[in-house]
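Chemist: This is the structure alone, sequence omitted:
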Ligand code: PMV
């Protein structure tokens, strides 16, 4: 195979992952459930290198160290694991801000793992591919499977039971929308890798949050089965707030929010109670806010969000698919 292009979408966790029980293997302390964003796309092309070294091009230019370094670590891991020697050129681009808390590492490593799988004919099953992508970035395990996915935390020390599984396809809940309110699109100042480790080690609230996991996973599965937005939204919002609480109480405190993040949270709660529009927020390791809502309420919500000081712009997304090759059908990697 001389060239291969794969396509992956970032995912947003409804029940979050934050913290590893094994740093080396990226094994999480809790299971998580996500939905995939159709509107955001990562495309990754692998070709044979014209010289003896590997090359990494991100968004059409040489990647800065902070972005290139985890990619190089991942490629070396794969080369070692599967005894690969051919030098390659990797070109990857996102149609959304990179490393800004919008899960570009999830789609990035899902697309890269899938491209390596095809380019080197590794013949990995979706489960094995999810495990491989997890090695790049934990949440990438869920972008491999797409739609609505659950990443099982697993029990085994070797991580062979810690992979994502698709719960529902992207068409399961056609009216569901996610509005991404962008408040900042610069590269994050703090990597989630270090922030989550510090949280585990120092937050007095961490153990209690982990205790909630099993009940919340069960309730979220139920909300998805019954397509119950208030149940899904309340749970997602609470789980996100609780995750950020563990960061705020870690030592030293970690806070990814900017003033506009707080304004958006306040507005969403107000719209929900005063205008009785079902809408809920969830926030990851960055200041941007994702709003869960229904198709019919998008125009009213966009109007309100765009009026908030500090909101740069908003993007509305439906639910996206699993990772796939560009010229083949979904699930064909
Ligand atoms: O996959 P990472 O290491 O970028 O961690 C992602 C963590 C959160 O986005 C905050 C939560 C999640 O489950 O995606």
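Modeler: Happy to help now that I have it. Model, not experiment: these values are computed from the prediction. Numbering: from 1, shown residues only.

Chemist: Can you give me every residue that contacts residue 301?
Modeler: For residue 301, the contacting residues are 179, 271, 277, 279, 291, 293, by C-beta atoms under 8 Å, 6 or more residues apart in numbering. Where C-beta positions appear, they are placed from N, C-alpha and C, glycine not excepted.

Chemist: so which of those residues comes closest to residue 169?
Modeler: Relative to residue 169, the closest of the contacts of residue 301 is residue 293; by C-beta to C-beta it sits at 20.4 Å.

Chemist: Now the closest one: closest residue in space that isn't a chain neighbour?
Modeler: residue 279 (4.4 Å; C-beta to C-beta, 6 or more residues apart in numbering).

Chemist: if I read this right, that neighbour contacts residue 273, doesn't it?
Modeler: No. Shown here, residue 279 and residue 273 do not form a contact pair, counting by C-beta atoms under 8 Å, at 10.6 Å.

Chemist: give me the residue from the stretch 201-333 of the chain nearest the ligand.
Modeler: residue 284 (3.7 Å; C-beta to the nearest ligand atom).

Chemist: quick one: pLDDT of residue 331?
Modeler: On the pLDDT scale, residue 331 is placed at 47.

Chemist: how much space between the residue in the stretch 51-200 of the chain that the ligand sits nearest to and residue 29?
Modeler: Residue nearest to the ligand within the stretch 51-200 of the chain (C-beta to the nearest ligand atom): residue 139, separated by 3.3 Å. Between residue 139 and residue 29 the distance is 14 Å, computed by C-beta to C-beta, to the nearest Å.

Chemist: What segments of the stretch 1-150 of the chain are helices?
Modeler: With helices called from DSSP state H, counting those that start in this stretch, the stretch 1-150 of the chain shows them at 65-81, 104-119, 126-136, 140-145.

Chemist: What residues sit buried inside the first one?
Modeler: So that's helix 65-81. 67, 70-71, 74-75, 78-79 (16 or more other C-beta atoms under 10 Å).

Chemist: which one of residue 139 and residue 29 has more residues nearby?
Modeler: The neighbour comparison of residue 139 against residue 29 (other C-beta atoms under 10 Å) goes to residue 139, with 30 against 18.

Chemist: what residues are up against that one?
Modeler: Neighbour list for residue 139: 11, 13, 17, 32, 34, 103, 105-106, 151 [criterion: C-beta under 8 Å, 6+ apart].

Chemist: Just the closest of those to residue 217, please.
Modeler: Among the contacts of residue 139, residue 32 lies closest to residue 217 (C-beta to C-beta), at 8.0 Å.

Chemist: The closest one against residue 148, yeah?
Modeler: No. Look at residue 32 against residue 148 with C-beta under 8 Å: they stay out of range, at 11.6 Å.

Chemist: returning to that earlier point: of all the helices of the stretch 1-150 of the chain, which has the lowest average per-residue confidence?
Modeler: Mean pLDDT per stretch puts helix 65-81 lowest among the helices of the stretch 1-150 of the chain, at a mean of 92.

Chemist: Other residues contacting that one?
Modeler: Applying C-beta under 8 Å, 6+ apart, the contact partners of helix 65-81 are 54, 56, 58, 62-63, 84-85, 88, 90, 98-99, 105, 108-109, 112-113, 116, 132, 135-137, 187, 191.

Chemist: ditto for stretch 214-228
Modeler: So stretch 214-228 is contacted by 14-15, 31-33, 148, 150, 167-168, 172-173, 176, 229, 231-232, 235-236, 239 (C-beta under 8 Å, 6+ apart).

Chemist: Which ones among those residues map onto strands?
Modeler: Judged by DSSP state E, the contacts of stretch 214-228 include 14-15, 32-33, 148, 150, 167-168, 176 as members of strands.

Chemist: which of those come close to the ligand?
Modeler: When these are checked against the ligand using C-beta under 6 Å from any ligand atom, the ones in range are residue 32.

Chemist: Arrange the ones in strands among the contacts of stretch 214-228 in JSON lines, one row each, with neighbour count as further columns.
Modeler: Compiled in JSON lines, the ones in strands among the contacts of stretch 214-228 are given as follows (neighbours: other C-beta atoms under 10 Å):
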{"residue": "14", "neighbour count": "27"}
{"residue": "15", "neighbour count": "26"}
{"residue": "32", "neighbour count": "27"}
{"residue": "33", "neighbour count": "27"}
{"residue": "148", "neighbour count": "24"}
{"residue": "150", "neighbour count": "23"}
{"residue": "167", "neighbour count": "18"}
{"residue": "168", "neighbour count": "17"}
{"residue": "176", "neighbour count": "19"}
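
Chemist: what pLDDT does the residue nearest to residue 284 when sequence neighbours are not counted get?
Modeler: Excluding the flanking residues, the one nearest residue 284 by C-beta to C-beta, 6+ apart is residue 101, at 5.6 Å. Listed pLDDT for residue 101 reads 74.

Chemist: Right, I'll call it a day here.
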